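Colleague: Return a 3D structure for these sequence lines:
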Amino acid sequence: MAEVVEGLRGVPRKDLVLAFTEVQACALVPEIRLHLATDTMALWERLESAIGRGELAPPFWATAWAGGLALARHLLDRPEIVHGRDVVDIASGSGLVAIAAALAGARSVTAYDVDELAVAAAAMNAGLNEVEISTEVRDVREVAAARGSLVTAGDVFYAVEIADAMGEALRRLVARGVEVLIGDPHRPLLPAEGLEPVADYQVAVDVAVEAVEVKAAMVARLRPETTPIGTARPLRR
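Modeller: Down below sits the predicted model:
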């Protein structure tokens with residue numbers, strides 16, 4: 001039996017993921033399969049109904065987002081970026097980027113997310129793709145990484161408060177000698193300065209979620225001593 005999550009009325013995490021998702025190949029990275037929702041908003045409603053709770057976080061882990069897909073493709077196509085390195089994936093969601101890093105030859109991969117269901121899904125998805133990653137529930141502000149390691153962050157600039165926390169934490173890591181790669185589909189909260197673009201991708205996305213069929217997404221390296229990140233308005237993921 002899967003470990004039970006406190007506060008979720010005793011519903012096992014693994015059972016929730018299995019009950020409300022289907023195994024699907026990912027757009028742009030068909031070599032990776034994930035437990036994903038066919039309808040993310042419907043999944044959110046079903047989870048809340050099953051758990052009996054109106055404050056459940058949106059199931060971002062049940063969708064493969066454009067920034068993460070671009071970042072995963074980039075790592076798979078350029079395995080020298082991660083080969084033999086320790087990789088830390090922040091706001092890992094489904095674990096897509098963490099899994100790509102492991103497939104590309106990283107020495108170790110750790111996936112962090114604040115959502116317990118996301119961490120459960122990432123662990124299950126790693127097993128599905130026959131790779132080993134460590135998973136942990138942790139806020140980005142508590143994440144540490146050793147000098148010379150690689151931190152990946154896909155689709156993290158989607159709301160003002162979150163973008164501010166991410167920006168501060170990622171700049172702190174860069175200042176300590178960590179390389180940070182960001183994947184993002186050019187959302188308004190993405191920092192206008194301090195990024196060094198390294199790749200661009202056209203990514204097929206869920207029309208019901210994104211309102212378009214294809215989104216342009218970039219992979220960029222965060223430079224040291226970047227300007228503060230923040231804007232005046234929140235944004236959908």
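Colleague: What ranges does this structure have for its helices?
Modeller: For the chain, applying DSSP state H gives helices covering 13-20, 40-51, 66-77, 96-103, 116-128, 160-175, 207-210.
Colleague: Looking at per-residue confidence, what score does residue 2 get?
Modeller: pLDDT recorded at residue 2 is 34.
Colleague: And for the one 10 residues further on?
Modeller: Reading off the per-residue confidence, residue 12 sits at a pLDDT of 62.
Colleague: do the same with residue 231
Modeller: So residue 231 comes in at 40 (pLDDT).
Colleague: ok, now which ones touch the nearest residue to residue 38 once chain neighbours are set aside?
Modeller: Once flanking residues are discounted, residue 38 sits nearest to residue 22: 6.1 Å by CB to CB, 6 or more residues apart in numbering. In this view, the C-beta of every residue, glycine as well, is placed from N, C-alpha and C. For residue 22, the contact set (CB atoms under 8 Å, 6 or more residues apart in numbering) comprises 35-38.
Colleague: follow-up on the earlier one: which among the helices of the chain is found nearest to residue 139?
Modeller: Nearest of those to residue 139, taken as CB to CB: helix 160-175 at 7.9 Å.
Colleague: measure residue 120 to residue 135 for me?
Modeller: Using CB to CB, to the nearest Å, residue 120 is found at 8 Å from residue 135.
Colleague: same question, residue 29
Modeller: For residue 29 relative to residue 135 (CB to CB), the value is 19 Å.
Colleague: Comparing these two, which shows the higher neighbour count?
Modeller: residue 29 (26 against 23; other CB atoms under 10 Å).
Colleague: Next, the more buried one: phi, psi?
Modeller: The phi and psi values for residue 29, taken as degrees, to the nearest 10, are phi -130, psi 70.
Colleague: Apart from its neighbours in sequence, what residue is nearest it?
Modeller: Counting by CB to CB, 6+ apart, the residue nearest residue 29 is residue 72, at 4.8 Å.
Colleague: Quick test: name the residue nearest the centre of this structure.
Modeller: residue 92 (3.2 Å; CA atoms, centre = their mean).
Colleague: For residue 175, see how far away the closest residue to that residue other than its chain neighbours is.
Modeller: Leaving aside its chain neighbours, residue 92 sits nearest to residue 111 (3.7 Å; criterion: CB to CB, 6+ apart). To residue 175, residue 111 is 23 Å away according to CB to CB.
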